[in-house]
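Quick one: sequence and predicted model below, then my questions.
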There are 2 protein chains.
Amino acid sequence: MITIAVDALGGDHAPRPEVEGAVLAARELGVRVMLVGQPGVVRHELAKHAHRGLAIELVPASEVITMKDSPTLAFRKKKDSSVHVAAKLVRAGRADGMVSAGNTGAVMAVARFGLGTLESVDRVALVAPFPTLRGGVSVMLDVGANVDSRVEHLLQFAVMGEIYYRAIFGTRRPKVALLSIGEEEMKGNELTREAHNRMKQLPLNFVGNVEGRDVFAGNVDVIVCDGFIGNVALKISEGVALLIVTMLKDALKSTLSSQVGSLLSRRAYQGFKKKIDYSEYGGAPLLGVRGITVIAHGSSNANAIKNAIRVAAELARAKMNEKIEQELSAAAMAVRA
Amino acid sequence: MITIAVDALGGDHAPRPEVEGAVLAARELGVRVMLVGQPGVVRHELAKHAHRGLAIELVPASEVITMKDSPTLAFRKKKDSSVHVAAKLVRAGRADGMVSAGNTGAVMAVARFGLGTLESVDRVALVAPFPTLRGGVSVMLDVGANVDSRVEHLLQFAVMGEIYYRAIFGTRRPKVALLSIGEEEMKGNELTREAHNRMKQLPLNFVGNVEGRDVFAGNVDVIVCDGFIGNVALKISEGVALLIVTMLKDALKSTLSSQVGSLLSRRAYQGFKKKIDYSEYGGAPLLGVRGITVIAHGSSNANAIKNAIRVAAELARAKMNEKIEQELSAAAMAVRA
């Protein structure tokens, strides 16, 4: 049975959604869950749910990392935090993966330095799944684990993203694209032009460059970019969504009665936020770490936590990290500096 | 009287909107317009408008650059294109500025190499104005004139963008920000961290970093970034807008009758596209060129062309290029490599 360690005290509303999500996962997905956190708090929350017979185990951790903590300081000072302990369970082989809705920077630091990176990986990458016009899901990486990527890093992101997409979405030959500012091969900056050239040589279904305008079109499955660009792209999407909904609300208000208009647009926006929020897709996996790590949104509800546990379990079942090691080693000549 | 040369054969619907826009500008703004293009075509179009007594002059150019032309080839081979001739008028001092709705790459090439860059400018920058949540306008630069910017380039963009914002929007001390992935000074990549440090030393109202999520919030006036990032940001905004409107249309359809829902959302989307489309704000000025150059959207209507002419005239009146030279020379120690 796959076992996933869940940071019970990470998210904005912890431990409520974490504990409920764990109960749902244990009941519906046949996954064993280790709930990590201050025992009194977690036990009190768990008592609210019918959990007899479910494979849920409590693992104590005395400290809690908050959203306000500096990631680096929290990583160094709060050694008995729920994230640290969850990572230790993975490291010791007691859990097959971990899920946290905590401080993203701190979780990344603990995963990267506590678990370490895979042998053939130079840089880990955070993956954001998002909905497309065609109704499917595309993923973008890196969306913020790194700030200055080299060509080799982008090549490794491409290989890891493709394996992840296959494992989670079942597509046999996912279409991999490079985010740039023109479709033609010679368009882009120094980094993307060189990366384009070398990505063609990888044993991937590389379909070339994709422009910002086509990111949400759904014509490609895996979009590779530098972490700085990916983070800007992700956050600007949130900004645009808010802007356009506000504008639409105004437009609707002036067309319908103001109450109907505002109600409609609020509902539609909530739906959109839900769709674009990666927690609905099971969180953002941090690829390249020695141990499956899935970072859920801070505001995750129980369903989002359950989905994150599902993704972590599927990645463990698919032996994603073994595949990353194999395929990156096979492509070593191409993807290493 | 300010004179603006207008490429009459640039846009997707040329020469109709160009000629009508020129007539509107001459009539309403007290601007003299030189309409540049194949004389027969332009004269035929002009005859459709009452233009007696208006300061409109026809200047012949035998060639036309299309959207399909390669910018570099068009620049080198079509020396008598309407864009080339418009630039020559500016260079000869017969016009105070030029407007084109043509092939952006070709217009940039003609402006950059035909007119040259200002003495104290290393890289020209394309500026995109866009609406904000507060109802005002912010501008972002560079959105695609360059692909690999150095720190000095970003500093020059900041100075030029600030002068442009003062000239067009009348704000005395525009708030200048740097696009990054966190508000704190040490957040960002190598380029933005160094740029942040040095931007603080400029005589500007530099308010620090702004994240992608806050680009549309309207808390800052001028947002500085590398051209690759700016272009991705601009185009991804279009993609998100299309995605969310499609989703909202579906949401509305399921709530109201499908016809009302679809009509409403189509209208609202058109309104949004109009608001986010820079042609409504008078086009995208190319700053740093020796001669005022404003690039209008290919699909510009007459009103957008008129607005672009207005912006070109205002920049000429404000002696923007002289100010850029003065302020960049004064800050020379800070903004040069």
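Here it is on my side, so go on.

which residues of chain A fall in strands?
Assigned by DSSP state E, chain A shows strands spanning A:3-7, A:32-37, A:56-60, A:97-100, A:125-131, A:137-141, A:175-180, A:205-211, A:222-224, A:284-287, A:292-295.

CSV please, covering the ones you listed and showing mean neighbour count and mean pLDDT.
Backbone N, C-alpha and C define where each C-beta goes, glycine included. Conversion of the strands of chain A to CSV gives the following (neighbours: other C-beta atoms under 10 Å in any protein chain shown; pLDDT from 0 to 100):
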stretch, mean neighbour count, mean pLDDT
strand A:3-7, 30, 98
strand A:32-37, 27, 98
strand A:56-60, 17, 97
strand A:97-100, 34, 98
strand A:125-131, 25, 90
strand A:137-141, 25, 94
strand A:175-180, 25, 97
strand A:205-211, 19, 95
strand A:222-224, 29, 98
strand A:284-287, 29, 95
strand A:292-295, 30, 96
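
so can I have JSON lines of those showing distance to chain B?
Formatted as JSON lines, the entries for the strands of chain A read as follows, by distance: least, C-beta to the nearest C-beta, whole Å:
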{"stretch": "strand A:3-7", "distance to chain B": "23"}
{"stretch": "strand A:32-37", "distance to chain B": "28"}
{"stretch": "strand A:56-60", "distance to chain B": "32"}
{"stretch": "strand A:97-100", "distance to chain B": "20"}
{"stretch": "strand A:125-131", "distance to chain B": "7"}
{"stretch": "strand A:137-141", "distance to chain B": "10"}
{"stretch": "strand A:175-180", "distance to chain B": "7"}
{"stretch": "strand A:205-211", "distance to chain B": "5"}
{"stretch": "strand A:222-224", "distance to chain B": "11"}
{"stretch": "strand A:284-287", "distance to chain B": "15"}
{"stretch": "strand A:292-295", "distance to chain B": "16"}
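
Can you name the residues that contact A:Met67?
Residues touching A:Met67, when contacts are defined by C-beta atoms under 8 Å, 6 or more residues apart in numbering or on different chains, comprise A:Asp12, A:Gly102, A:Asn103, A:Gly298.

Identify the residue spatially nearest to the first one, adjacent ones excluded.
To tie it back to what came earlier, the one meant is A:Asp12. A:Gly298 (4.7 Å; C-beta to C-beta, 6 or more residues apart in numbering or on different chains).

neighbours around the one you found, how many?
The burial count assigned to A:Gly298 is 17, neighbours taken as other C-beta atoms under 10 Å in any protein chain shown.

Equivalent analysis for A:Met108, please.
Here the count is done by other C-beta under 10 Å, and A:Met108 has 21 residues near it.

Can you give me every residue that contacts it?
For A:Met108, the contact set (C-beta under 8 Å, 6+ apart) comprises A:Pro71, A:Val124, A:Leu126, A:Ala145, A:Leu286, A:Ile295.

A:Val121 versus the nearest residue to the third one once chain neighbours are set aside, what's the distance?
For A:Leu126, the nearest residue in space outside its immediate sequence neighbours is A:Ala145; the separation is 4.3 Å by C-beta to C-beta, 6+ apart. If you measure A:Ala145 against A:Val121 using C-beta to C-beta, to the nearest Å, the figure is 11 Å.

Comparing those two, which residue is more hemmed in?
Neighbours per residue, other C-beta under 10 Å: of A:Ala145 and A:Val121, the larger number sits with A:Ala145, 28 against 23.

State the phi and psi torsions of that one.
When read as degrees, to the nearest 10, the backbone of A:Ala145 gives phi -80, psi -20.

give the contact list for the residue nearest in space to the middle of chain A.
Averaging the C-alpha coordinates of chain A gives a centre point, and the residue nearest to it by C-alpha atoms, centre = their mean is A:Ala284 (0.6 Å). If a contact means C-beta under 8 Å, 6+ apart, then A:Ala284 has A:Leu126, A:Val127, A:Ala128, A:Pro129, A:Val143, A:Tyr278, A:Val294, A:Ile295, A:Ala296 as its contacts.

out of those residues, which one sits closest to A:Met199?
Distance ranking of those against A:Met199, using C-beta to C-beta, places A:Val127 first at 17.3 Å.

Bridged to the closest residue in space to that closest one that isn't next to it in sequence, which residues?
Across the structure, with C-beta to C-beta, 6+ apart as the measure, the residue nearest A:Val127 apart from its sequence neighbours is A:Leu141 (4.3 Å). Taking DSSP bridges as the rule, A:Leu141 bridges to A:Val127, A:Val224.

where's A:Leu141 relative to B:Val107, distance?
The spacing between A:Leu141 and B:Val107, counted by C-beta to C-beta, is 35 Å.

Counting neighbours, what do you get for the residue nearest to A:Ala331 when sequence neighbours are not counted?
Taking C-beta to C-beta, 6+ apart as the measure, A:Ala331 lies nearest to A:Leu202, with 5.8 Å between them; neighbours along the chain are not counted. The burial metric for A:Leu202, expressed as a neighbour count using other C-beta under 10 Å, is 17.

Now that A:Leu202 has come up, it's in contact with A:Val159, right?
Yes - here A:Leu202 reaches A:Val159: they are 6.7 Å apart, a contact under C-beta atoms under 8 Å.

which helix is the longest one in chain A?
When secondary structure is assigned using DSSP state H, the longest helix within chain A turns out to be helix A:227-255.

Name the residues of it that come out as buried.
Along helix A:227-255, these residues count as buried under the neighbour rule (16 or more other C-beta atoms under 10 Å in any protein chain shown): A:227-253.

same for it, what does it pack against?
strand A:125-131, strand A:137-141, strand A:175-180, helix A:258-276, helix B:227-255, helix B:258-276 (3 or more C-beta pairs under 8 Å, 6 or more residues apart in numbering or on different chains; DSSP states H and E).

looking only at pLDDT, what's the mean for it?
For helix A:227-255, the mean pLDDT works out to 80.

chain center to it: distance?
The gap between where helix A:227-255 is centred and where its chain is centred comes out at 21 Å by C-alpha atoms, centre = their mean, to the nearest Å.

Going by neighbour count, which of the contacts of A:Met67 are buried?
Those of the contacts of A:Met67 that meet the buried threshold are A:Gly102, A:Asn103, A:Gly298, by 16+ other C-beta under 10 Å.

just for chain A, where's the confidence low?
Counting by pLDDT under 70, the ranges of chain A that qualify are A:249, A:251-280, A:333, A:335, A:337.

domain parsing for it?
Following the assignment in automatic domain parsing, chain A carries domains at A:1-117+A:288-318, A:122-278.

Arrange those in a markdown table, one row each, with distance to B:Arg198 as further columns.
Listed next are the domains of chain A as a markdown table, based on distance: least, C-beta to C-beta, whole Å:
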| stretch | distance to B:Arg198 |
| --- | --- |
| domain A:1-117+A:288-318 | 25 |
| domain A:122-278 | 18 |
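
among these, which is nearest B:Leu54?
In this view, the domains of chain A are compared for proximity to B:Leu54 by C-beta to C-beta, and domain A:122-278 is the closest at 36.1 Å.

residues contacting A:Ser82?
A:7-10, A:36-38, A:61, A:63-65, A:100, A:102.

Just flag the most distant two among those residues.
The distance between the two most remote of the contacts of A:Ser82 (C-beta to C-beta) is 15.1 Å, for A:Gln38 and A:Ser100.

Return the alpha-carbon coordinates of stretch A:157-173 using CSV.
Coordinates of the C-alpha atoms in stretch A:157-173 are reproduced here as CSV (Å, rounded to 0.1, in the frame of the first residue of the first chain):
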residue,chain,number,x,y,z
PHE,A,157,12.6,20.4,-17.1
ALA,A,158,11.4,19.1,-20.5
VAL,A,159,12.3,15.5,-19.7
MET,A,160,10.8,15.7,-16.2
GLY,A,161,7.7,17.5,-17.2
GLU,A,162,7.0,14.9,-19.9
ILE,A,163,7.4,12.0,-17.5
TYR,A,164,5.1,13.7,-15.0
TYR,A,165,2.4,14.4,-17.7
ARG,A,166,2.5,10.8,-18.9
ALA,A,167,2.2,9.5,-15.3
ILE,A,168,-0.7,11.8,-14.3
PHE,A,169,-2.7,12.4,-17.5
GLY,A,170,-2.0,9.1,-19.2
THR,A,171,-1.0,10.7,-22.5
ARG,A,172,1.4,8.4,-24.4
ARG,A,173,3.4,11.1,-26.2
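
Sounds good, over and out.
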